[in-house]
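Visitor: Predicted structure and sequence below. I'll ask about it afterward.
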Amino acid sequence: MSKRLDVLNAVKQMMAVAVSGAEVLGLDGKDMAPSEVPAEGRIIVRAGVPTLTEVTLSPLAYWYDHEIPVEVYGFRSVGITREEALDTMLVGIGEQIEADRTLAGLVDWLDTSAPETDDLASYTAGGDIIGAAERVTTLTLTASYSTSGPLS
């Protein structure tokens, strides 16, 4: 498997640990989220874009900053607001990143952007908006790593 895919799978696994019980999707063709978010939330890891930052020749190494979009969906439940639910998920993700910034040695460094949060409108079968029942945040994780070739 390529380093790129290894990193993406490690990020997906990290999200599953960070937000226990959340539905974690992505990278397997099932990344189109169904319309209803489960009570524990949903996280979608997108493939993102590895950007070549440097090439060293001896030894040959291609250095990448791989921007990985992660969508985090929170849902309002009894006793907790949408914002509180989403914040709890984000804190868990932040704690996991801080605990293992190298993805067990797979990358040199893993960091995240600040969250960009928005409401998601819910629709009836007829297409009418019935309210913003969910909150979504998009994070961009940046994984810095090197490979022996652009396709490896």
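Guide: Happy to help now that I have it.

Visitor: make it CA atoms for all contacts and neighbour counts henceforth
Guide: Noted.

Visitor: Pretty sure residue 93 sits in a helix.
Guide: Yes: applying DSSP: H, G, I helix; E, B strand; the rest coil, one finds residue 93 inside a helix.

Visitor: What's the separation between the nearest residue to it once chain neighbours are set aside and residue 149?
Guide: Closest residue in space to residue 93, ignoring its immediate chain neighbours: residue 18 at 4.9 Å, by Cα to Cα, 6 or more residues apart in numbering. Residue 18 sits 31 Å away from residue 149, going by Cα to Cα, to the nearest Å.

Visitor: Out of those two, name the residue with the larger neighbour count.
Guide: When residue 18 and residue 149 are compared for neighbours, residue 18 comes out ahead with 19 against 13, by other Cα atoms under 10 Å.

Visitor: Tell me how far the spatially most central residue of the chain lies from residue 57.
Guide: Central residue of the chain (Cα atoms, centre = their mean): residue 70, 2.5 Å from the mean position. Using Cα to Cα, residue 70 is found at 33 Å from residue 57.

Visitor: where does the residue nearest to the centre of the chain land in three-state SS?
Guide: Going by three-state DSSP: residue 70 is strand.

Visitor: Please list all residues in contact with it.
Guide: 43, 44, 45, 46, 138, 139, 140, 141 (Cα atoms under 8 Å, 6 or more residues apart in numbering).

Visitor: ranking the residues you listed by neighbours, who comes first?
Guide: residue 43 (26 neighbours).

Visitor: Take the contacts of residue 70 and lay them out in a markdown table including secondary structure, distance to residue 7 and pLDDT.
Guide: Putting these into a markdown table (DSSP: H, G, I helix; E, B strand; the rest coil; distance: Cα to Cα, whole Å; pLDDT from 0 to 100) gives the following:
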| residue | secondary structure | distance to residue 7 | pLDDT |
| --- | --- | --- | --- |
| 43 | strand | 16 | 94 |
| 44 | strand | 15 | 94 |
| 45 | strand | 11 | 96 |
| 46 | coil | 12 | 95 |
| 138 | strand | 19 | 94 |
| 139 | strand | 16 | 96 |
| 140 | strand | 14 | 97 |
| 141 | strand | 11 | 98 |
